[in-house]
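Enquirer: Sequence first, predicted coordinates after that:
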Amino acid sequence: MAKTDVDFIVDTLRQSGVDDDLIPALVMTAFFESGLEIEAENTNTNQTKDFGVFQINAASFYDGDKPDPTLKRFFKKMNKTYTQKEFEEFLKNDKYNTIFAAHIVKDFQENSVVDPMTKWVAYTSYVDPFLKGQKIEGRSNEDVIDGIGAYMDAYLQIHNYQQQEEFKNIKTPEMPLNTNVETSDAPVYKPQTQVSEVNRIYTNLYKNISESIGSK
């Protein structure tokens with residue numbers, strides 16, 4: 001199966017207005033949901049199906065043949081309405097699947113007290129424990145490494161974008177007319193490297209792998 005990449009998901013989520021702070025966790029969630037496989041499709045115990053990169057259950061957004069409020073607001077935004085069958089086809093596209101995942105997050109933030117991230121089992125089972133510094137249970141070492149790697153890649157991509165935007169907003173300081181003033185007195189921009197966050201990610205990766213090896 002073809003896979004999408006982290007860069008694409010990050011860009012699509014960001015363009016859809018998702019907060020930067022949430023994007024790495026969403027990327028990691030997508031990895032654990034589908035392995036980033038575009039055509040991933042899985043059947044639930046109630047015979048409904050999850051589709052695409054974010055494994056979205058189209059049926060859960062319909063009451064019979066009518067869309068629920070979250071989906072109605074999405075259709076209004078898209079200026080188009082889909083039947084459940086049409087919506088399932090819509091979700092098989094990695095861009096549209098990611099756009100709807102972004103809509104879920106933003107819609108729940110604006111219209112519900114429920115944490116939108118809890119809509120995904122992979123988030124509550126794997127990503128949330130990782131963010132809390134706990135061991136990721138129930139996945140292979142390879143999955144854990146790749147999942148944390150997806151988080152790291154997304155985090156660094158977001159950080160690079162933020163730095164580029166900060167540079168664009170910086171005005172070149174005017175040099176003082178007094179030639180006796182040393183240039184070191186002029187304001188200097190020092191970008192933050194976010195070393196502590198990178199260290200946290202690597203520490204948690206080491207913890208997950210070492211505990212897995214030690215438990216064998």
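Expert: Done, it's in. Treat the numbers as computed from the prediction; the structure is a model and nothing was measured. Numbers count the residues shown, from 1 in each chain.

Enquirer: low-confidence ranges in this protein?
Expert: The model of the chain has pLDDT under 70 over residues 171-200, 202-207, 209-216.

Enquirer: which ones are touching the most centrally placed residue in the chain?
Expert: The centroid of the chain falls nearest to Leu26 when counting by Cα atoms, centre = their mean (2.4 Å). For Leu26, the contact set (Cβ atoms under 8 Å, 6 or more residues apart in numbering) comprises 9, 13, 18, 101, 105, 117, 154. In this view, the C-beta of every residue, glycine as well, is placed from N, C-alpha and C.

Enquirer: and of these, the nearest to Asn160?
Expert: Distance to Asn160 across the contacts of Leu26 (Cβ to Cβ) is lowest for Ala154, with 10.8 Å.

Enquirer: Looks like the closest one contacts Asp5 (just checking).
Expert: No. Using Cβ atoms under 8 Å, Ala154 is not in contact with Asp5; the gap is 10.6 Å.

Enquirer: Looking at those two, which one has more neighbours?
Expert: A direct count of neighbours by other Cβ atoms under 10 Å for Ala154 and Asp5 places Ala154 higher, at 24 against 12.

Enquirer: Distance check, the more buried one against Ala25.
Expert: From Ala154 over to Ala25 the distance is 8 Å, taken as Cβ to Cβ, to the nearest Å.

Enquirer: ditto for Tyr151
Expert: Going from Tyr151 to Ala25 by Cβ to Cβ gives 7 Å.

Enquirer: Need the overlap of contacts for those two.
Expert: What both Tyr151 and Ala25 touch, as defined by Cβ under 8 Å, 6+ apart, is the set Val127.
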